[in-house]
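Visitor: coordinates only, sequence not included:
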Ligand SMILES: Cc1cc2nc3c(=O)[nH]c(=O)nc-3n(C[C@H](O)[C@H](O)[C@H](O)COP(=O)(O)OP(=O)(O)OC[C@H]3O[C@@H](n4cnc5c(N)ncnc54)[C@H](O)[C@@H]3O)c2cc1C
């Protein structure tokens, strides 16, 4: 099907949708539509024709069945914090807001599981399970605003992924509404699953292109009781990157290992406002390292070993956070980097990832490619995962260079990732802005398998059309 063949919604379509979900949950005026026409990806804006806000599986199922018969595009939206344009309704049609699916349905302390709706905000969920002494580790830097449904759609990670894994590692079972309105559970609420094709894991990371998630059963783990946090400055960026893999080689598994270039941290401190922290002008990069567990002595030993490794890599004086306030301040600086970069300049963010020991080669390659094409980049990210967010800053670059040369530079960065055994997105997804780079990673045959999977689940191509596949 030619994706440009979607019909514009008629006033009858809008009236029909109002009957399905109630007129107060169908938004059509321009001001309302504008709010849903953008997410956190660059400065992109695509207006939906209508926003629909169901809050029951039954009404959502009817909406999808209706759109499927009438060939109306449906783009799901969680909280709109995505960085790959996944929630942008680029073909118009229905913007399906999941914000009213916002309940934590149960926390099962016998089985260490929770059942939630996808519109629940990540941080709120974490806080609720904490009250039961339990832990849900995936914690994107956007945890205060992103939804669990969006996290599923991208298999989001975060600082804790290095020790605890990404969203994918905590999903047991999903309730999904398919394109034709049929409702299925993808698996079982069990820790083991060896029962046919694993549709749960197919849905995770599918970016709203195969079905709409309406319930999630998560696995939980006991909450670690202690953590220690250290900030390690370096005057040499390459040595900072080299130090990362040495920690793991020494048999230590930190619960976070974050990397920030000096500009990233400088901008973040300015942006975060009330945080007072002085950056020595000689520092080129910082590692923020956390260890967690239940035995404080053991953690202190680990910190000592980590310090030794850092010193062997010529770090400057290490700062140990000695209070909860100081820990919060350091984490705030790290979590605000993304917003700070956005507020500084027009930029493009690439979510590169390689096996962690190749981080130094990746960073060096990114800088060399930047020199070749004349762009500045500010890099930060989840160093322990080998996941480097490369923020390419427009600065004084001409529009012509930005539009024509940058894609060539990005292609080279992605080819470098592939050559190092990595890939073009570790946690932000492909969405709209990375889809044309998919052939770097996948052969024609491989992409064809993707297209065929899409066709089986969504033969009329109504679900998030124009995303993920080139
Ligand atoms: C400052 C900042 C920091 C960030 N830090 C991190 C980080 O550390 N780690 C990380 O992984 N990401 C990070 N992100 C990216 C972003 O927050 C995540 O991708 C997040 O999971 C998106 O969730 P959302 O609810 O905002 O989803 P949206 O942006 O609304 O949607 C994202 C995708 O999910 C689909 N979707 C949403 N709900 C459903 C559903 N119920 N069923 C099917 N599909 C659905 C949408 O169609 C879209 O394709 C950051 C973003 C910002 C702005």
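Guide: Ah, there it is. The shown structure was predicted, so the numbers you read here are calculated from the model rather than taken from an experiment.
Visitor: pull the contacting residues for the spatially closest residue to residue 137 that is not a sequence neighbour.
Guide: Of all residues not flanking residue 137 in the chain, residue 164 sits nearest, at 3.6 Å (Cβ to Cβ, 6 or more residues apart in numbering). Just so you know, the C-beta spots here come from the backbone N, C-alpha and C atoms, and that holds for glycine as well. Neighbouring residues of residue 164 by Cβ atoms under 8 Å, 6 or more residues apart in numbering: 137-138, 221, 255.
Visitor: which of the residues you listed are buried?
Guide: 137-138, 255 (16 or more other Cβ atoms under 10 Å).
Visitor: pick the one among the residues you listed closest to the ligand.
Guide: residue 138 (7.9 Å; Cβ to the nearest ligand atom).
Visitor: hang on, the closest one in a helix?
Guide: No: counting by DSSP: H, G, I helix; E, B strand; the rest coil, one finds residue 138 to be coil, located in no helix.
Visitor: hmm, residue 166 and it touching each other?
Guide: Yes: with contact defined as Cβ atoms under 8 Å, residue 138 counts as touching residue 166 (5.9 Å).
Visitor: now do the shared contacts for those two.
Guide: 156-158.
Visitor: let me see the contact set for the closest residue to residue 9 other than its chain neighbours.
Guide: Nearest residue to residue 9, sequence neighbours excluded (Cβ to Cβ, 6+ apart): residue 49, at 4.6 Å. Shown in contact with residue 49 (Cβ under 8 Å, 6+ apart): 8-9, 28, 33, 89, 92-94.
Visitor: of those residues, which belong to helices?
Guide: Members of those lying in helices (criterion: DSSP state H): residue 33.
Visitor: and of the contacts of residue 49, the nearest to residue 384?
Guide: residue 89 (35.5 Å; Cβ to Cβ).
Visitor: what packs against the strand or helix carrying residue 303?
Guide: Assigning secondary structure by DSSP states H and E places residue 303 in helix 296-312. The contact analysis (3 or more Cβ pairs under 8 Å, 6 or more residues apart in numbering; DSSP states H and E) places helix 296-312 against strand 226-234, helix 237-249, strand 285-293.
Visitor: contacts for it?
Guide: Outside helix 296-312, the residues touching it (Cβ under 8 Å, 6+ apart) are 226-228, 230, 232, 243, 246-247, 250, 252, 254, 287, 289, 291-293, 318, 320.
Visitor: next SSE after that helix?
Guide: Per DSSP H and E, the helix or strand that comes after helix 296-312 is strand 319-320.
Visitor: show me what that next one packs onto, helices and strands only.
Guide: Strand 319-320 packs on strand 226-234, going by 3+ Cβ pairs under 8 Å, 6+ apart.
Visitor: any buried residues in the strand it packs on, and which?
Guide: Buried-residue list, strand 226-234, by 16+ other Cβ under 10 Å: 228-234.
Visitor: what sits against residue 122?
Guide: Here residue 122 is in contact with 138-140, 142-144, 146-148, 151 (criterion: Cβ under 8 Å, 6+ apart).
Visitor: Serialize the residues you listed to a markdown table and add fields for distance to residue 412 and pLDDT.
Guide: Shown next, in a markdown table, are the contacts of residue 122 (distance: Cβ to Cβ, whole Å; pLDDT from 0 to 100):
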| residue | distance to residue 412 | pLDDT |
| --- | --- | --- |
| 138 | 31 | 98 |
| 139 | 32 | 96 |
| 140 | 28 | 96 |
| 142 | 28 | 95 |
| 143 | 33 | 96 |
| 144 | 35 | 96 |
| 146 | 30 | 98 |
| 147 | 34 | 98 |
| 148 | 35 | 98 |
| 151 | 30 | 98 |
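Visitor: buried ones among these?
Guide: 138-140, 142-143, 146-148, 151.
Visitor: phi first, then psi, for the residue of the stretch 201-350 of the chain found nearest the ligand.
Guide: The ligand sits closest to residue 208 of the stretch 201-350 of the chain, with a gap of 2.9 Å, by Cβ to the nearest ligand atom. Main-chain torsions, residue 208, degrees, to the nearest 10: phi 70, psi 20.
Visitor: surely it is in contact with residue 462?
Guide: No: taking contacts as Cβ under 8 Å, residue 208 lies outside contact range of residue 462: 11.0 Å.
Visitor: have a look at these two and say which one is more surrounded.
Guide: residue 208 (28 against 24; other Cβ atoms under 10 Å).
Visitor: thought residue 291 was touching residue 255?
Guide: Yes: counting by Cβ under 8 Å, residue 291 does reach residue 255; the two are 6.0 Å apart.
Visitor: common neighbours of these two, please.
Guide: With Cβ under 8 Å, 6+ apart as the test, residue 291 and residue 255 both reach residue 227.
Visitor: contacting residues around the residue nearest to residue 402 when sequence neighbours are not counted?
Guide: In this structure, residue 402 finds its nearest non-sequential neighbour in residue 394, 5.7 Å apart by Cβ to Cβ, 6+ apart. Residue 394 makes contacts with 345-347, 402, as judged by Cβ under 8 Å, 6+ apart.
Visitor: from the residues you listed, pick the one nearest residue 426.
Guide: residue 347 (18.2 Å).
Visitor: pLDDT wise, what is that closest one at?
Guide: pLDDT recorded at residue 347 is 90.
Visitor: and for the one 5 residues further on?
Guide: Residue 352 is assigned 98 on the pLDDT scale.
Visitor: how about residue 341?
Guide: On the pLDDT scale, residue 341 gets 87.
Visitor: pop the domain breakdown of this protein in here.
Guide: Per the record, the chain has its domains at 3-100+453-457, 104-222, 226-338, 345-433, by automatic domain parsing.
Visitor: now residue 205: how far from residue 301?
Guide: 37 Å (Cβ to Cβ, to the nearest Å).
Visitor: residue 134 reaches residue 220, doesn't it?
Guide: Yes: counting by Cβ under 8 Å, residue 220 is a contact partner of residue 134 at 4.3 Å.
Visitor: can you give me the strands in the stretch 51-200 of the chain?
Guide: 74-77, 94-97, 104-108, 113-116, 134-135, 171-177, 183-185 (DSSP state E, counting those that start in this stretch).
Visitor: okay, buried residues for the last one please.
Guide: For strand 183-185, a neighbour-count test (16+ other Cβ under 10 Å) marks residue 183 as buried.
Visitor: what does it contact?
Guide: Applying Cβ under 8 Å, 6+ apart, the contact partners of strand 183-185 are 57, 61, 173-178, 199, 211, 214.
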